[in-house]
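# Generate a structure from the sequence data that follows.
(one chain, ligands or ions: 1)
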Amino acid sequence: MSNLVLNSEMLNHVLEGKKITVEDANEIFCVSKHDPSELFKTAQILRNKHKKNIVTFSKKAFFNVVNLCRDVCSYCTYKAEPEESKLSMMNKEDVIQLAKTAKKYRCIEALFVTGERPEQRYDDARKWLKNNGFSSTAEYLVYCSEVALENGLFPHTNPGNLTKEEMKELSKTNPSMGLMLESSSDRLAEKNMPHQFAPSKKPKERLRVLENAGELGIPMTTGILVGIGETENEIIESIFAIKQVHDRFGNIQEVILQNFQPKQDTPMSDFPSADENYFKQVVALTRIILSDMNIQIPPNLSPNSYQSFLSVGINDWGGISPLTPDYVNPEFSWPMIQNVEEGCKEAGFELKCRFPVYPEFFSFVDSKIREKMSEIQDKEGFVEKEYWK
Ligand code: SF4
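Sure thing, here's the model as predicted:
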């Protein structure tokens, strides 16, 4: 515990290890609007206490498996229509080829991303699946994950809401999986709100998938999208909703905080980017609520300032690819891993490459996957420097 005495009684309590409530978090947020320095300081102390001077990332290849999607989110530029040039439908051979290339680049993670059950909306998706020998996207992802493992990569699949059975099948090859909560607010699914036409983003549905993963013992990456019209209280409730799942099942391996950036070809193109000070407050508050958990921001979405987030609570940069673009945010390229490492060093941190599953969640992972991981794993459970550099 720090000896530092802050003016805020509540933040002193946080440093003493006392739990905070939604109401406390709201008060801290409100007070810190005028002067966030104590909030940031508290987040920094907690970050350093729980994560020492280590910052992690995952060296990945982004497999844009299929970007047709049953749903429509007003901020999304990832989703394609069949006639658009950005349409991606990777066939088996494309998956094998990219896996082989990713291995040459010494990527660790194969990130498999799809739209939400495209076969429910598009004939093209049904035909594409049939041509590849599958009847659902989830079935195809099992195959893709096997290809990744066979080629020395570790799959992390981010396919939207799956059934419990589908997740169980994927957990045989995926050391972890991903599903953004985005927000726990039902209001954001009302008329003229970003999730109006996205039934899969109903908070209840999303939380149920995270809980199913908890029951199955699958380490999950989840997170929230910041700046899409939510209130401060809704942000705080969303963080607490994630905390509740983790308190129950212990399976939330990391929380991504993604700052909204408007995309030209979307209904929210005129909506402003998330304000950086607001975003920093959200990051620091998340550290205070989820004190020992892994908290990530994507560095490419704050290209000029991402290193400054190290002093407000984050301990992970997420996936960075030396090979493939960020198809979800195509206008933002990944930073060079070497530059990220140098920046971390200047700020007093050491960059380590992690597997798609964090070391503290290894006990959740299938023994055959663990065996493969151990071939390139260092003593602390990260990827050996000699391998990824
Ligand atoms: S964010 Fe996901 S669910 Fe929403 S439209 Fe885009 S691909 Fe579909």
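
# Cross-check the contact I'm expecting between Thr157 and Pro175.
No: contact criterion Cβ atoms under 8 Å: Thr157 and Pro175 do not qualify, at 10.4 Å. Placement of C-beta: from N, CA and C, glycine included.

# between those two, which one's more packed in?
More neighbours surround Thr157 than the other of Thr157 and Pro175, with 29 against 26 (other Cβ atoms under 10 Å).

# Quick one: mean pLDDT for the helix or strand hosting that one?
For Thr157, the host element (DSSP states H and E) is strand 154-158. Mean pLDDT, computed over strand 154-158, is 98.

# Ok, stretch 93-104 next?
Here stretch 93-104 scores 98 as its mean pLDDT.

# residues of it that come out buried?
For stretch 93-104, the neighbour count (16 or more other Cβ atoms under 10 Å) marks Val95, Ile96, Leu98, Ala99, Ala102, Lys103 as buried.

# Just give me how far that stretch sits from the chain centre.
Between the centre of stretch 93-104 and the centre of its chain there are 23 Å (Cα atoms, centre = their mean, to the nearest Å).

# residues in contact with that stretch?
Outside stretch 93-104, the residues that touch it by Cβ atoms under 8 Å, 6 or more residues apart in numbering are 61, 63, 65, 90, 110, 143-144, 147-148, 150-153, 323-324.

# Quick check: residues of the chain near the ligand?
By Cβ under 6 Å from any ligand atom, the residues of the chain that approach the ligand are Cys69, Asp71, Val72, Cys73, Cys76, Tyr78, Lys79, Gly115, Glu116, Gly160, Ala198, Ser200.

# Got phi/psi on the residue in the stretch 251-389 of the chain positioned nearest to the ligand?
Residue of the stretch 251-389 of the chain nearest the ligand, by Cβ to the nearest ligand atom: Val328 (7.8 Å). Main-chain torsions, Val328, degrees, to the nearest 10: phi -80, psi -30.

# now it: how far from Lys191?
Val328 sits 25 Å away from Lys191, going by Cβ to Cβ, to the nearest Å.

# Tell me where the model's unsure across this structure.
Residue ranges of the chain with pLDDT under 70: 1-4.

# Pull out the buried residues from the residues of the chain next to the ligand.
Neighbour-count burial (16+ other Cβ under 10 Å) applied to those gives Cys69, Asp71, Cys73, Cys76, Tyr78, Lys79, Gly115, Glu116, Gly160, Ala198, Ser200.

# Which strands or helices does the helix or strand containing Asn48 pack on?
Per DSSP H and E, Asn48 falls inside helix 37-51. Secondary-structure packing of helix 37-51 (3 or more Cβ pairs under 8 Å, 6 or more residues apart in numbering; DSSP states H and E): helix 9-15, helix 22-32, helix 276-289.

# Now do that helix and helix 276-289, the angle between them.
Between the axes of helix 37-51 and helix 276-289, defined by axes from the mean of the first three to the mean of the last three Cα atoms, to 10 degrees, the angle is 50 degrees.

# Just checking: what are the partner strands of the strand holding Thr157?
Note on strand 154-158: by DSSP bridges, its sheet partners are strand 109-114 (parallel), strand 176-178 (parallel).

# a strand runs through Phe57, doesn't it?
Yes: using DSSP: H, G, I helix; E, B strand; the rest coil, the secondary structure at Phe57 is a strand.

# which strand residues sit across from it in the sheet?
Counting by DSSP bridges, Phe57 is bridged to Cys353.

# which secondary structure element contains the residue most central in space within the chain?
Centroid-nearest residue in the chain, with Cα atoms, centre = their mean: Ile256, separated by 4.3 Å. Ile256 belongs to strand 252-259 when assigned by DSSP H and E.

# quick one: the residue nearest to the centre of the chain and Met220 touch, right?
No: using Cβ under 8 Å, Ile256 makes no contact with Met220, being 11.0 Å away.

# just checking, what's the longest helix in this protein?
helix 232-249 (DSSP state H).

# and that helix, how far from the chain's centre?
Helix 232-249 sits 15 Å away from the centroid of its parent chain (Cα atoms, centre = their mean).

# and if you look at stretch 344-360?
Computed by Cα atoms, centre = their mean, the chain-centroid distance of stretch 344-360 equals 16 Å.

# Check stretch 101-109 too.
How far stretch 101-109 lies from its chain's middle: 20 Å, per Cα atoms, centre = their mean.

# returning to that earlier point: contacts for the helix holding Asn48?
By Cβ under 8 Å, 6+ apart, the residues outside helix 37-51 that reach it are 1-2, 4, 6-8, 11, 14-15, 28, 32, 280-281, 283-285, 287-288, 291-292, 294-295, 310-315.

# can you do 7 Å?
Residues outside helix 37-51 that contact it (Cβ atoms under 7 Å, 6 or more residues apart in numbering) are 2, 4, 6-8, 11, 14-15, 28, 32, 281, 284-285, 287-288, 291-292, 311-313, 315.

# Surely Ala80 is in contact with Lys86?
Yes: counting by Cβ atoms under 7 Å, Lys86 is a contact partner of Ala80 at 4.9 Å.

# Neighbour count: these two, which is higher?
Neighbour tally, Ala80 and Lys86, criterion other Cβ under 10 Å: the higher count belongs to Ala80, 20 against 14.
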